[in-house]
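Undergrad: Structure, please.
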Amino acid sequence: MRDRLGIAIIILAFGVSVISPYWIIFVIPIFIIGVVITWTTNRTIKQKILWTILPIVIWLPTVYFFMYSGGKLGKWTAQKFDFVFPYKFQGRAVVIGDMPCGQPIKIKDGREVLTFPDNGVLLYQGKIETGYINHKYFQADSLGNNRELRELGDYMFWDDVKNKPSTSLKGVFIGEFGTREIND
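TA: The predicted structure is shown next:
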């Protein structure tokens, strides 16, 4: 009985810490209790060492795998948007969703297409979900063709003057609180 209890505690501690790595500080004492219980059983030394070392060795790769697959699955199941900005648009863009008088929902290739007016304020009939995002950004050229814009994060540049982004850099800067800004 004690033999199974120690292994069950080790497996439980490992599982909880992999699912939520932030709980590792609470799980370590529980893991140690499981190891101590396992070491007081009649298992062979080889088995005791295996049940002690193996969870520690495979913990980090397992956490990385769960985080990577969770991110991929989240993006795959997320609401998909294509934001299309007018020719030479520059500045902040705002989407106000769930507006009966707004732009109707347009779906192309399984993605919702939101076309912004010149002022950058889009009233949209659709609902915008929170959570993982799967967005693409486009800007119409002078002929009306859409070219994809790069997504650039404000975190890529420091607040001081020495590390300002180039004014020739084109893309969508991801702002705080879900805002997006075009810099052209």
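
Undergrad: Okay, and the beta partners of residue 148?
TA: residue 138 (DSSP bridges).

Undergrad: Can you give me the neighbour number for it?
TA: 12 (other Cβ atoms under 10 Å). To be clear about C-beta, it is placed using only N, CA and C from the backbone, and glycine gets the same treatment.

Undergrad: contacting residues for it?
TA: Residues counted as contacts of residue 148 (Cβ atoms under 8 Å, 6 or more residues apart in numbering) are 136, 137, 138.

Undergrad: any idea which of the residues you listed has the most stuff around it?
TA: Using other Cβ under 10 Å as the neighbour test, the contacts of residue 148 are led by residue 137, with 21 neighbours.

Undergrad: where are the low-confidence patches of this protein?
TA: 152-184 (pLDDT under 70).

Undergrad: One more pass at 50, please.
TA: 177, 179-181, 184 (pLDDT under 50).

Undergrad: Nearest residue to residue 80 in space, please, no chain neighbours.
TA: Spatial nearest neighbour of residue 80, chain neighbours left out: residue 111 (4.2 Å); criterion: Cβ to Cβ, 6 or more residues apart in numbering.

Undergrad: In contact with the one you found, which residues?
TA: 80, 81, 82, 136.

Undergrad: what sits against the last one?
TA: With contact taken as Cβ under 8 Å, 6+ apart, residue 136 is in contact with 81, 82, 83, 111, 148.

Undergrad: Roughly how far does it sit from residue 130?
TA: Between residue 136 and residue 130 the computed distance is 18 Å (Cβ to Cβ, to the nearest Å).

Undergrad: for the third one, same thing?
TA: To residue 130, residue 82 is 19 Å away according to Cβ to Cβ.

Undergrad: neighbour-wise, which of the two wins?
TA: residue 82 (20 against 8).

Undergrad: for the more buried one, helix, strand, or coil?
TA: Using DSSP: H, G, I helix; E, B strand; the rest coil, the structure places residue 82 in strand.

Undergrad: ditto for residue 143
TA: Applying three-state DSSP: residue 143 is coil.
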